[in-house]
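Enquirer: Sequence and predicted structure below; questions after.
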Amino acid sequence: SQTIHQWPATLVQPVGSPLSLECTVEGTSNPNLYWYRQAAGRGLQLLFYSVGIGQISSEVPQNLSASRPQDRQFILSSKKLLLSDSGFYLCARSPAGAGELFFGEGSRLTVL
Amino acid sequence: AQSVTQLGSHVSVSEGALVLLRCNYSSSVPPYLFWYVQYPNQGLQLLLKYTTGATLVKGINGFEAEFKKSETSFHLTKPSAHMSDAAEYFCAVMDGGATNKLIFGTGTLLAVQP
């Protein structure tokens, strides 16, 4: 099995509060990992990707950060949420080298 | 830089009719192309992909797509729509290099009318 676990599945947070979304993958070593955000009517935007432990690349300057403390763990964080951070966050993985992306079930964040 | 354009954010077809979802890409290297489907509040599921070889690619659920280099297109088709096909569909192109980043289009929401 090459499952991707994301939690929490749903989250409602006030503006200014911190955020931590976690993604854990099973069944594969040294995967490339990705965080995408999906906002209404805007498709999928790549936020961060990682090719290894501690290696994070940011695609879009913003209020969020990512970390990869273990080979199969990818965390999306914020110190202070903004209204514009609301959206559906998807974690994905691919094997090192060419290959398609496999997605988790997503975490829906609503910032009020 | 690679990019994808999906024409038509909403497409509506009758059950049993042909489904055609359009995708055009821009790529400076031979492209790897993908179609994904997303059902409400779920992640994305791979429908099909083109990497090399045969330009007509068959995927799951009766969908297929044809890579046309001269037209820089990768349109998704299905001969006969089913109610269960109602979902959002995303076309994507893989960025070059070892990162395997996918660049997605803005999606097409397919509605199937009875």
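Expert: Looks like it came in fine.
Enquirer: Could you pull up the contacting residues of the residue nearest to the spatial centre of chain B?
Expert: What sits nearest the mean C-alpha location of chain B, by CA atoms, centre = their mean, is residue B:35, with 3.4 Å. Counting by CB atoms under 8 Å, 6 or more residues apart in numbering or on different chains, residue B:35 touches B:21, B:23, B:46-49, B:59, B:63, B:65, B:74, B:76, B:89-92. C-beta here means a position set from N, CA and C on the backbone, and glycine is covered the same way.
Enquirer: how about 7 Å then?
Expert: Residue B:35 makes contacts with B:47, B:48, B:59, B:65, B:76, B:89, B:91, as judged by CB atoms under 7 Å, 6 or more residues apart in numbering or on different chains.
Enquirer: And residue A:12, by the same measure?
Expert: Applying CB under 7 Å, 6+ apart, the residues contacting residue A:12 are A:110, A:112.
Enquirer: Once you drop chain neighbours, what's closest to residue A:18?
Expert: residue A:79 (5.7 Å; CB to CB, 6 or more residues apart in numbering or on different chains).
Enquirer: on that earlier part again, adding pLDDT and secondary structure, write the contacts of residue B:35 out as a markdown table.
Expert: Shown next, in a markdown table, are the contacts of residue B:35 (pLDDT from 0 to 100; DSSP: H, G, I helix; E, B strand; the rest coil):
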| residue | pLDDT | secondary structure |
| --- | --- | --- |
| B:47 | 96 | strand |
| B:48 | 96 | strand |
| B:59 | 95 | coil |
| B:65 | 98 | strand |
| B:76 | 98 | strand |
| B:89 | 97 | strand |
| B:91 | 96 | strand |
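Enquirer: Quick check: pLDDT value at the residue located most distally from the centre of chain B.
Expert: Here chain B reaches farthest from its C-alpha mean at residue B:114, the gap being 23.2 Å by CA atoms, centre = their mean. At residue B:114, the model reports a pLDDT of 94.
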